[in-house]
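**Q** quick one: sequence plus predicted model below, questions after.
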Amino acid sequence: MLGEVFLEDTIQCDTSAYCAKLRNTDFLLDMAFLADITSHLNHLNMRLQGRCQTVSDLYAHMNAFVTKLTLFKDGFSADRPNLAHFPSCEEMRKDAPECEKTLPKYRADIETLQQQFKKRFQDFHTMQPRIELFTNPLSAAIIEQPPELQLEMCELQSDPFLAKRQERGISFWRLLPESRFPLLRDFALSMASMFGSTYICESNFSMMKHIKSRERNRLTDETLFHLMQIGCTNVDIDIQSVVQQQERPQVSH
């Protein structure tokens with residue numbers, strides 16, 4: 001094994017215990033499963049990051065991964081396991097065919113992961129009717145929505161002009177006249193402004209840390225206006241107007 005050779009050739013201390021692990025098929029299979037499932041989790045994490053994502057977008061990514069977990073669990077069946085989505089495990093099966101009989105044990109690990117997702121994202125499941133209304137207002141079940149929105153939803157789903165529109169998401173809600181649908185517009189605004197993750201806050205903190213570095217010896221309102229970007233809404237903020245409205249404007253140095 002390459003790992004064993006690397007330890008023996010480069011590490012000066014006793015590596016016999018580690019080399020024994022690298023010769024253990026069960027240990028290597030566990031590592032292969034961990035590598036594959038971590039890869040899927042990393043992909044989900046990347047999907048949850050980024051700007052211009054509403055809470056409904058994040059819910060869709062999370063819901064898709066929960067469905068994938070069911071697919072993964074079924075793949076580790078007692079019969080011939082389907083390892084199409086677990087390439088490292090498939091490689092281990094080719095190198096050590098005897099390990100195939102131990103593959104079904106990973107069903108329990110995937111079930112635990114399913115339970116964790118159900119517990120940690122239960123708030124999303126509670127919001128599911130609201131997310132459905134925000135995403136598909138023309139087909140959402142009226143009876144499942146709050147009573148104060150139901151009458152306006154009847155008007156909305158019966159409007160021939162709106163029923164033919166192809167816009168979705170925020171673009172659709174902008175079409176609604178405020179005089180006819182004030183409550184639905186307020187609902188859409190609250191959903192669109194809801195932060196489903198901390199990505200935007202963390203990225204802006206990182207940006208400020210880069211801007212206010214030790215190498216910078218001077219920072220004025222003008223330079224801050226050019227450096228700061230509000231990427232989540234793509235709206236330019238007039239820093240000068242904000243500063244002028246303050247009773248005691250302060251300039252960072």
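**A** Received it, and whenever you're ready, just let me know what you need. Numbering: from 1, shown residues only.

**Q** so what's the residue count around Glu152?
**A** With neighbours defined by other Cβ atoms under 10 Å, the count for Glu152 comes to 19. C-beta coordinates here come from the backbone N, C-alpha and C atoms, glycine included.

**Q** now do the helix or strand harbouring it, average pLDDT.
**A** Using DSSP states H and E, Glu152 sits within helix 147-158. For helix 147-158, mean pLDDT is 94.

**Q** so what touches the next helix or strand after that helix?
**A** Following helix 147-158 in sequence order, the next helix or strand is helix 160-163 (DSSP H and E). Outside of helix 160-163, the residues within contact range by Cβ atoms under 8 Å, 6 or more residues apart in numbering are Leu138, Leu156, Gln157, Phe172, Leu175, Leu176.

**Q** off-centre distance for helix 160-163?
**A** Centroid separation between helix 160-163 and its chain, computed with Cα atoms, centre = their mean, to the nearest Å, is 33 Å.

**Q** so for it, what gets flagged as buried?
**A** Under the neighbour-count criterion of 16 or more other Cβ atoms under 10 Å, helix 160-163 has Leu162 buried.

**Q** export it as PDB, just CAs?
**A** Provided in PDB are the C-alpha atoms of helix 160-163 (Å, rounded to 0.1, in the frame of the first residue of the first chain):
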ATOM      1  CA  PRO A 160     -56.400  35.300 -15.800                       C
ATOM      2  CA  PHE A 161     -53.600  37.700 -16.400                       C
ATOM      3  CA  LEU A 162     -51.400  36.400 -13.600                       C
ATOM      4  CA  ALA A 163     -52.200  32.800 -14.300                       C
END
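
**Q** grab the nearest non-local neighbour of Gly132.
**A** Rather than Gly, residue 132 is Glu. The shortest distance from Glu132 to any residue other than its chain neighbours is 4.9 Å, reached at Ala140 (Cβ to Cβ, 6 or more residues apart in numbering).

**Q** which SS class is that neighbour?
**A** With DSSP: H, G, I helix; E, B strand; the rest coil as the basis, Ala140 sits in coil.

**Q** does it touch Leu133 like I think?
**A** Yes: with contacts counted by Cβ atoms under 8 Å, Ala140 reaches Leu133, the gap being 4.4 Å.

**Q** so those two - more neighbours on which side?
**A** Neighbour comparison, Ala140 and Leu133: the larger count goes to Leu133, with 24 against 20 (by other Cβ under 10 Å).

**Q** what's the separation between that one and His125?
**A** Separation of Leu133 from His125 (Cβ to Cβ, to the nearest Å): 15 Å.

**Q** now swap in Arg93 and tell me
**A** 36 Å.

**Q** more crowded one of those two?
**A** Neighbours were counted for Arg93 and for His125 using other Cβ under 10 Å; Arg93 has more, 18 against 13.

**Q** tell me the pLDDT of that one.
**A** Listed pLDDT for Arg93 reads 91.

**Q** and it, what is it in contact with?
**A** By Cβ under 8 Å, 6+ apart, the contact set of Arg93 is Pro81, Leu83, Cys99, Glu100, Leu103.

**Q** in what helix or strand does it lie?
**A** Per DSSP H and E: Arg93 is located in helix 87-95.

**Q** tell me the buried residues in that helix?
**A** Ser88, Cys89, Glu90, Met92, Arg93.

**Q** gap between the two ends of stretch 170-185?
**A** Start to finish, the residues bounding stretch 170-185 are 10 Å apart (Cα to Cα, to the nearest Å).

**Q** got a list of contacts for that stretch?
**A** Defining contact as Cβ under 8 Å, 6+ apart, one finds that stretch 170-185 is touched by 54, 134, 137, 148-149, 152-153, 155-156, 162, 165, 167, 188-189, 192.

**Q** out of these, which is most surrounded?
**A** Phe134 (25 neighbours).

**Q** longest helix in the chain, please.
**A** Criterion DSSP state H: the longest helix present in the chain is helix 25-48.

**Q** so which elements touch that helix?
**A** helix 55-75, helix 87-95, helix 106-120 (3 or more Cβ pairs under 8 Å, 6 or more residues apart in numbering; DSSP states H and E).

**Q** right, I'll call it a day here.
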